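Undergrad: What follows is a predicted protein model with its sequence.
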Amino acid sequence: MSVAERDHRGAGRRLVLRYAGLQLAATVVAAGIALAILGAGAARAVLAGGLVVAVGNVLFGWRIFAPGVAPVSILARALWVGEVLKWLWIGAALGAALGIAHLPGLPLVAGMLVAQFGFWLGLVLIKR
């Protein structure tokens with residue numbers, strides 16, 4: 001692996017972490033609002049929802065950048081594997097949040113939506 005490929009992978013992973021950080025920042029703001037209005041249980045659910053989405057996007061993003069500079073077939077495989085990993089994570093995490101931790105569903109979904117909004121905000125704010 002060349003130095004350029006390692007640099008590309010590192011830059012991609014740092015970019016993914018910046019997006020995840022923005023998603024978590026948006027989630028923390030929403031959790032603070034939920035805490036003030038609805039209480040600690042709702043705030044925990046909002047945080048959990050945002051964390052589910054942010055971790056899923058990190059799994060996806062890191063898998064996408066793992067091959068570095070590679071042929072399209074390898075990149076396409078990385079995309080599919082990343083997408084499968086992300087959805088397996090989301091399914092397992094939601095099952096745990098709702099079934100094991102018994103977090104309230106609406107604040108959980110609200111946290112997921114806020115984290116997704118954080119990603120969209122990153123498209124405007126984060127310059128590579």
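TA: Perfect, I can see it now.

Undergrad: Show me what the host helix or strand of Ala76 is packed against.
TA: Using DSSP states H and E, Ala76 sits within helix 72-95. When contacts are defined as 3 or more CB pairs under 8 Å, 6 or more residues apart in numbering; DSSP states H and E, helix 72-95 sits against helix 40-65. Heads up, the C-betas are built off the backbone N, CA and C, glycines and all.

Undergrad: tell me what the helix it packs on is packed against?
TA: helix 3-37, helix 72-95, helix 105-125.

Undergrad: Mean confidence (pLDDT) on it, please.
TA: Mean per-residue pLDDT for helix 40-65: 97.

Undergrad: what's the offset of that helix from the middle of its chain?
TA: Relative to the centre of its chain, helix 40-65 is centred 4 Å away, using CA atoms, centre = their mean, to the nearest Å.

Undergrad: tell me the angle that helix makes with helix 72-95.
TA: Interaxial angle, helix 40-65 versus helix 72-95 (axes from the mean of the first three to the mean of the last three CA atoms, to 10 degrees): 170 degrees.

Undergrad: Which positions within helix 40-65 qualify as buried?
TA: Burial within helix 40-65, assessed by neighbour count using 16 or more other CB atoms under 10 Å, is assigned to 42-65.

Undergrad: do stretch 23-30 as well
TA: Gln23, Leu24, Ala26, Thr27, Val28, Ala30.

Undergrad: Residues touching it, excluding its own?
TA: With CB atoms under 8 Å, 6 or more residues apart in numbering as the contact definition, stretch 23-30 has outside contacts at 46-47, 49-51, 53-54, 57, 110-111, 114-119, 121-122.
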